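[1] dropping the sequence and predicted coords here.
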Amino acid sequence: MRFLVLAAGLMALPAAAQDAPGAALRGVISDQIDAIGVDDYARAFTFASPFIQGLFRTPENFGAMVERGYPMVAAPRSVDFGETRAEGPLFFQDVIFEDAQGRFFTLEYEMIRGPDGFVINGVTLKQPPEVGV
């Protein structure tokens with residue numbers, strides 16, 4: 001009987017370990033969304049990878065890009081997390097935003113491991129699936 005309990009515990013371990021990156025990814029993304037929500041682009045910029053920081057160079061440039069290119073992130077009505085997946089060293093987290101007009105958008109966050117944890121390496125707007133009539 002003891003073996004079955006131990007085996008069941010070991011079988012559950014990979015699922016818990018696998019969710020650990022997902023929880024960390026969601027934490028970083030949530031922290032960035034919270035910073036953007038109060039116009040703290042200096043803090044929001046710290047969650048970006050060195051590649052993204054090099055691309056935009058300043059928190060002000062980064063903030064302007066978010067406000068122009070991702071208004072649903074700058075002022076969401078609601079935020080929900082979708083699928084998490086790994087592809088080699090990259091991790092992807094789907095985030096569903098509802099904007100002020102009630103429209104829904106799924107953004108795919110590309111995440112990489114930095115020296116101090118996960119950072120955001122890019123965001124892509126996913127196209128909604130086509131619906132047949």
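    That came through fine.

[2] tell me the contacts of residue 112?
    Applying Cβ atoms under 8 Å, 6 or more residues apart in numbering to residue 112 gives the contacts 49, 89-91, 118-119, 121. (Each C-beta comes from the backbone N, C-alpha and C, glycine too.)

[3] what are the buried residues along stretch 108-117?
    Within stretch 108-117, the residues scored as buried using 16 or more other Cβ atoms under 10 Å are 108-111.

[4] can you redo the contacts of residue 112 as a markdown table with pLDDT, secondary structure and neighbour count?
    Below are the contacts of residue 112 laid out as a markdown table (pLDDT from 0 to 100; DSSP: H, G, I helix; E, B strand; the rest coil; neighbours: other Cβ atoms under 10 Å):
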| residue | pLDDT | secondary structure | neighbour count |
| --- | --- | --- | --- |
| 49 | 98 | coil | 18 |
| 89 | 94 | coil | 7 |
| 90 | 97 | strand | 13 |
| 91 | 98 | strand | 20 |
| 118 | 98 | strand | 21 |
| 119 | 98 | strand | 20 |
| 121 | 98 | strand | 17 |
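
[5] I'd like to know which of the residues you listed is nearest to residue 36.
    Nearest to residue 36, judged by Cβ to Cβ, of those is residue 119 at 15.2 Å.

[6] nice, that's everything, thank you.
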